[in-house]
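J.: task: produce atomic coordinates for the following.
(2 chains)
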Amino acid sequence: NAGVTQTPKFQVLKTGQSMTLQCAQDMNHEYMSWYRQDPGMGLRLIHYSVGAGITDQGEVPNGYNVSRSTTEDFPLRLLSAAPSQTSVYFCSTSRGETQYFGPGTRLLVL
Amino acid sequence: KQEVTQIPAALSVPEGENLVLNCSFTDSAIYNLQWFRQDPGKGLTSLLLIQSSQREQTSGRLNASLDKSSGRSTLYIAASQPGDSATYLCAVQRGGGFKTIFGAGTRLFVKA
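T.: Okay, here's the model as predicted:
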């Protein structure tokens, strides 16, 4: 039981490049979400999903896309990376009120 | 709009000291409040969850209280140890397990 896994752990991008951050879970949780964490700030919700085929925007969705074709996977796509997207990204799953977090992906956009 | 504030931003204490971390939130219409621990370079681990109808929760040396009417929660750590060094985040939920609003955290350092 791996819980929540995220890949890659670290990525450097150039401005304008696109990439996909992967998130996978093996706990069969319906709720999944993506957060970003910036220095001196709490985690901010980017997008979330309440089940396969259903996604919605969070607090800071601009510049990011998501899709949820299976219960297990919830990838986050950066369409055209900008330096403002330099951050640590966390994927989370939920069962009821308890949230489980992945180890994070550290992204640097030059 | 719900806002969560944590004070202090950083704290350094000698080993063995009892300490209190503070969390305040602006909208009392919360479903629950959680305290998380985050180690450097790692994800978050849930420590305590307090339902909106509860006043406190305890786990080992940790005790969290909730006062919805005043929009405050405290995390009490007894007999602190160097292994308690981490960032502690407070978070409130309005409902479900995904719309969570986080505070910026308190970075704790316990000196041996």
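J.: please make it C-alpha for all contacts and neighbour counts, starting now.
T.: Noted.
J.: what sits against B:Asp39?
T.: Taking Cα atoms under 8 Å, 6 or more residues apart in numbering or on different chains, we find B:Asp39 in contact with B:85-87.
J.: what do you get for B:Ala79?
T.: B:15-18, B:61.
J.: for whichever residue of chain A sits closest to chain B, which non-adjacent residue is spatially closest?
T.: Shortest chain A-to-chain B distance, computed as Cα to the nearest Cα: residue-wise this is A:Gly42, at 3.8 Å. Of all residues not flanking A:Gly42 in the chain, B:Ala104 sits nearest, at 3.8 Å (Cα to Cα, 6 or more residues apart in numbering or on different chains).
J.: please report phi then psi for the residue of chain A closest to chain B.
T.: Backbone torsions of A:Gly42, given as degrees, to the nearest 10, read phi -80, psi 180.
J.: these two touch, right, it and B:Gly105?
T.: Yes: using Cα atoms under 8 Å, A:Gly42 and B:Gly105 qualify as a contacting pair, with a distance of 6.7 Å.
J.: any residues in contact with both of these two?
T.: By the contact definition Cα under 8 Å, 6+ apart, A:Gly42 and B:Gly105 are jointly contacted by B:Leu89.
J.: which one's more surrounded, those two?
T.: Using other Cα atoms under 10 Å in any protein chain shown as the criterion, A:Gly42 and B:Gly105 rank with B:Gly105 on top: 30 against 21.
J.: what residues are up against the more buried one?
T.: Residues in contact with B:Gly105, defined by Cα under 8 Å, 6+ apart, are A:40-42, B:6, B:9, B:87-90.
J.: the residue of chain B found nearest chain A in helix, strand or coil?
T.: Closest contact between chain B and chain A, by Cα to the nearest Cα, is at B:Ala104 (3.8 Å). Following DSSP: H, G, I helix; E, B strand; the rest coil, we place B:Ala104 in the coil state.
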